[in-house]
Every structure is written in structure tokens, then in C-alpha cells.
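> compute the structure for the input listed below.
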Amino acid sequence: MELTVEQHPAATLIRVHATRIDAPTALQFKEDMRKLTGRDQGRFILDLRQVDFIDSSGLGAVVASMKQLRPGQTLELAALQPIVDKVFRLTRMDTIFTIHGDADQALAADPV
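Okay, the predicted model is just below:
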């Protein structure tokens, strides 16, 4: 799984370049997120546009990525595909995360 980072004035955008976040990839995803969020402050936007499947391990890894943030840091999600969006809604994680329609909307939105 590859994660790329784009620095924007409003936030740090992290794009996931994989179609799945599941048991085989969750641990590496969480470790990569820890490294990426450990070096910057402020808002992080996780662009999940390419992810079309997430299981409970992947969901746990996204939640763990949020929980490992330091004070003053936030994690928002963008561009959830229908199945991924359904998982977040069924587990009520849509009440925990700010979810944006796409990365551009997220970058234009006021900080949470």
C-alpha cells in the first residue's frame, strides 16, 4: 500500500493508493499513518478515493490513526466510495469523523 502526502495551506492531504484496507494491510497502514502524522501539525485529510473495500481491521486502523494524533491535530476523511461509506455509517464512525465528498471540498472546508 502506498500513501502519498501533499502539503496545502489548509491541511496535509494523505492519499491512499490501494483498493483495499483490510487485515493484510491494516498494520502497515497504521504504521505509515503514525509516521506521516508525527511530523506535522494541524489538519490531516485522508483521501480514500481509490479504496473500494474496508473490513473491520481496516476500519480499526483508520480509528487507531485518529487516536494516535497529538493535541491540535485532526483527521478528516474524503471521497469515500459507496461500500466504504456504508461501513462507516453502519458502525456509526460517521459520527466520529468529519467526512467530505472529495479532497477539494475537504481542503476548502473550515477546520473542524
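> where do the helices of this structure begin and end?
23-37, 56-67, 82-90, 103-108 (DSSP state H).
> now tabulate these in TSV and tack on mean neighbour count.
Where C-beta positions appear, they are placed from N, C-alpha and C, glycine not excepted. Putting these into TSV (neighbours: other CB atoms under 10 Å) gives the following:
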stretch	mean neighbour count
helix 23-37	16
helix 56-67	18
helix 82-90	15
helix 103-108	16
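> could you dump these to TSV with mean pLDDT and distance to Arg49?
Shown next, in TSV, are these (pLDDT from 0 to 100; distance: least, CB to CB, whole Å):
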stretch	mean pLDDT	distance to Arg49
helix 23-37	96	15
helix 56-67	97	14
helix 82-90	97	10
helix 103-108	95	7
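> between those, which gets nearest to Ile96?
helix 56-67 (7.5 Å; CB to CB).
> tell me what that closest one is packed against?
Contacts defined by 3 or more CB pairs under 8 Å, 6 or more residues apart in numbering; DSSP states H and E place helix 56-67 against strand 20-21, helix 23-37, strand 74-78.
> hmm, who's touching the second one?
Defining contact as CB atoms under 8 Å, 6 or more residues apart in numbering, one finds that helix 23-37 is touched by 1, 3, 5, 12, 14, 16, 18, 21, 44, 46, 55, 57-58, 60-62, 64-65, 68-69, 73, 75.
> any idea of the angle that helix forms with helix 56-67?
10 degrees (axes from the mean of the first three to the mean of the last three CA atoms, to 10 degrees).
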